[in-house]
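>>> could you work out the structure for the sequence below:
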Amino acid sequence: MSIISKTSRCFLVSVCLSFLIISAVRADEYRTWTDATGKHKVRAKLESADGERAILVREDGQKVKIPLEKLSKADQDYIAKQNVDSPFEKVDGKSGDAADGDDAATSGPRTVKVNWTKSQAVLLAPIDAPWNVSVPTAPALDYHPRSVALPPKSDFFEGLTGLAVSRVAKSAVVGYCLDRMDVKTLRLLVCDLQSGRVVSTATSQGENMAPLAMHDDGHQILMCRNEFGHGTHNRLEIWTVKGKKINRGLSWTPHDGDWGPDQDIPWAEFIDADRLATASSGGKMAIWDLSTGQPICHIEMGIGGKPAISPDRKLIAIASKNCLALFDIESHEIVAAQDTPQPLGNPSLAFSPSGRKIGCIAGDRVLVWETSTGKLEKNFALPGLWLDSEIAFPDEGYLLLSKQYLIELSNQVKLWHYHGAEQVRSLNGTTFLACPGGNVGMLLASHIPHPQAVATLKKALEQPDLFVFHKGTHVKLDCSGIPDPTAKAKAEESLTKKLKDLGCPIDASAEVQLVATVEGPKPREVSYIHSGTYQVQEYITFLKFIYQGQTLWESHCTNVPSFLSLKSGENVEGVLREASSHPPYGMYARAVLPEFLQKPSQNAEQRGAGDSQMLGSSDLNEQRLRSRPIPPGFHGRRR
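As a prediction, the model looks like this:
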């Protein structure tokens, strides 16, 4: 075979010329270099060594130089064995450290094509064993993060596109883009969180790209294509920012070939100096080798989910529609997995600052598990709030949702509305809120909840009428809106048991009502990718808590499936025909009732959904959190 003959020829040539050619095979390999102190490391390959210093080429193409005496003993021995000294001198006269400072050279990206065939596939499924995970102590910050004043926007139409924070580098990067018809200008601001200063500002023209994650060295930024529309957040590049210059290194499209929207990358985190974790909108989580741009392993999560990396960067929490799991980064194994209490749509996760809890937002539902045991601590809905998939865990007892709504977990209180942050990241108990502002912006470093919010919560909990529904509240059960007598009886039985479990007596004269209704059938046209368009009859089942004519909480379900999984012998028409024949009555048995419901505010329909349900709100400006608690009985103020 040809490969054998090539190997044989190479072997003969190498033998004949063994005394004429200087061996440098190992010098072409990327490896981790360590300085003599053991504190500083870099992933690079050896280009040359002249007896006094070594010149290394990093994976992003940048060259760095270091005196041999400042390298570790193991690295000095490695160089001694390579014999890579070269008598040839570069004609451009530039040193190997040309990337340092404002005079650094700027180069184009090194594009690689992804090969998934060698990536280890890990199965996401419940494990038939007790959930028992050791949670390491989360590393504490060894400094006090400071807020950073950001330069004014370059133009009224310039938008803030991304924020990434590095605990190790004690730095953050804020991304902007001015999108004109003829040209797009990107601006990256690297912020020193110790000094509270912008230490580097670099610009680039071309397509819109936004920062997703920051490397431990504080210079390498993972950038993601950020054009308008689905399927246009699909390409990743590693940029190195020093001074005013940007060096574009590794570039790859992780899920090239997937259906357009499934290619998008909404989440990514650096694991260490050599590896990166990403998740796609199509539901694939992957660990990447930064030296090659190739996947090491991957897990199919299901469409729309966002994982979370633990504070110590040892575990990744993953949720699919029906499964919650913990993935061990070093062993590439699922170390704990269990069923979710109900199907979750687009679940997004976050670890608490200590790593002892895992928070989740899925639609309007909030769930919290204990990391070590997998015990479900909280499972409740937040009706009336327009929520997206953004979740942060700023404090052990609080979740920050959609970059603005602070939820107190113990009592399920909609506590505070933070206005003005366009990007939010929580790290080790500090929350960073990027507010572009007008004349001046702010990267605000704050502990959330701030003292005013805590004081307001304490005062509110002392009010006996803050919650109109809680354990022990008398409830009127109304299932008259279910037309089918058999389904009605089953719903009454199921809901009566759920109320009994909460200690809530059924009382026909109670102010709080639990109402079950059915709407439909109504004709609807539904389309499935690669399967065509179909006519169905849609039924929707509703379950609502109502107080004085206002809906406090609502859950609903449709009989039209969002996704189809066909079994052997089934076809789309048959499955939809069966689904169209009756309402989804099973929803009443699956429903999880809330433990607390806050009293609705006055004239809530005249104000925004956020303030109308919160105990207080704050405007985030360039100086501080300007708070205004909302008096009892008037939970908001029209803007």
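>>> after the lowest-mean-pLDDT helix or strand in the chain, which helix or strand is next?
In the chain, no helix or strand scores lower on mean pLDDT, DSSP states H and E than helix 2-16, which sits at a mean of 35. Remark: after helix 2-16, the chain's next helix or strand is strand 31-34, criterion DSSP states H and E.
>>> partners of that next one in the sheet?
The strands that strand 31-34 pairs with in its sheet are strand 41-49 (antiparallel) (by DSSP bridges).
>>> so residue 153 makes contact with residue 436?
Yes - if you go by CB atoms under 8 Å, residue 153 and residue 436 touch, sitting 6.0 Å apart. Just so you know, the C-beta spots here come from the backbone N, C-alpha and C atoms, and that holds for glycine as well.
>>> identify the contacts common to the two.
residue 176 (CB atoms under 8 Å, 6 or more residues apart in numbering).
>>> ok, what's across the strand from residue 214?
residue 221.
>>> need the contact list for the residue nearest the centre of the chain.
Residue closest to the average C-alpha location in the chain (CA atoms, centre = their mean): residue 267, at 4.5 Å. The neighbourhood of residue 267, defined by CB under 8 Å, 6+ apart, consists of 212, 278, 279, 306, 307.
>>> and stretch 264-282, how far from the chain's centre?
Put simply, stretch 264-282 sits 9 Å off its chain's centre (CA atoms, centre = their mean, to the nearest Å).
>>> same question for stretch 413-420.
For stretch 413-420, the distance to the chain centre is 20 Å (CA atoms, centre = their mean).
>>> which residues does that stretch contact?
382, 385, 398, 400, 403-408, 433, 435, 448-449, 453, 456-457, 460-461, 466, 596, 598, 610-611, 613-621, 625.
>>> what comes up buried for that stretch?
Buried residues in stretch 413-420, counted by 16 or more other CB atoms under 10 Å: 413, 414, 415, 416, 417, 418, 419, 420.
>>> need these in TSV with distance to residue 259, can you?
As requested, those are exported to TSV (distance: CB to CB, whole Å):
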residue	distance to residue 259
413	41
414	37
415	40
416	39
417	37
418	36
419	37
420	36
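>>> residue 57: which of these is nearest?
residue 420 (43.6 Å; CB to CB).
>>> and what about residue 262, helix, strand or coil?
With DSSP: H, G, I helix; E, B strand; the rest coil as the basis, residue 262 sits in helix.
>>> got a list of what the closest residue to it other than its chain neighbours touches?
Excluding the flanking residues, the one nearest residue 262 by CB to CB, 6 or more residues apart in numbering is residue 282, at 2.8 Å. Residue 282 is in contact with 255, 258, 259, 261, 262, 263, 264, 303, counting by CB under 8 Å, 6+ apart.
>>> hmm, back to that, which members of the contacts of residue 267 occur in strands, if any?
212, 278, 279 (DSSP state E).
>>> if any of these are buried, give me the ChimeraX selection for them.
Command for ChimeraX that selects the buried part of the ones in strands among the contacts of residue 267, burial taken from 16+ other CB under 10 Å:
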select :212,278,279
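>>> for this structure, what are the low-confidence residue spans?
1-28, 51, 60, 83-107, 438, 601-612, 621-639 (pLDDT under 70).
>>> any idea which helix is longest in it?
When the chain is scanned for its longest helix (criterion: DSSP state H), the result is helix 485-501.
>>> that older thread, weed out the non-buried ones from the contacts of residue 282.
Here, 16+ other CB under 10 Å leaves 255, 258, 261, 262, 263, 264, 303 buried among the contacts of residue 282.
>>> with adjacent residues omitted, what lies nearest to residue 346?
Nearest residue to residue 346, sequence neighbours excluded (CB to CB, 6+ apart): residue 304, at 3.5 Å.
>>> wait, what's in contact with that neighbour?
Counting by CB under 8 Å, 6+ apart, residue 304 touches 281, 283, 345, 346, 347, 389.
>>> ok, the third one touching residue 364?
This points to residue 345. No - here residue 345 does not reach residue 364: they are 9.9 Å apart, not a contact under CB under 8 Å.
>>> more neighbours: which of those two?
For residue 345 versus residue 364, the count of surrounding residues by other CB atoms under 10 Å is larger for residue 364: 18 against 15.
>>> could I get the buried ones among the contacts of residue 282 as JSON lines with distance to residue 569?
Output for the buried ones among the contacts of residue 282, formatted as JSON lines (distance: CB to CB, whole Å):
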{"residue": "255", "distance to residue 569": "32"}
{"residue": "258", "distance to residue 569": "28"}
{"residue": "261", "distance to residue 569": "30"}
{"residue": "262", "distance to residue 569": "28"}
{"residue": "263", "distance to residue 569": "33"}
{"residue": "264", "distance to residue 569": "35"}
{"residue": "303", "distance to residue 569": "25"}
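>>> for residue 161, state which of those residues is nearest.
For the buried ones among the contacts of residue 282, the residue nearest residue 161 by CB to CB is residue 264; the value is 14.5 Å.
>>> returning to that earlier point: what's the longest helix of the chain packed up against?
Helices and strands touching helix 485-501, by 3 or more CB pairs under 8 Å, 6 or more residues apart in numbering; DSSP states H and E, are strand 475-481, strand 512-528, helix 587-590.
>>> and the contacts of the first one?
Contacts of strand 475-481 with the rest of the structure, by CB under 8 Å, 6+ apart, involve 469, 488, 491-492, 495-496, 499, 504-510, 512-518, 542.
>>> I figured residue 67 hits residue 49, correct?
No - contact between residue 67 and residue 49 fails when scored by CB under 8 Å: they sit 10.6 Å apart.
>>> more neighbours: which of those two?
residue 49 (24 against 11).
>>> that one against residue 68, yeah?
Yes - look at residue 49 against residue 68 with CB under 8 Å: they come within range, at 6.9 Å.
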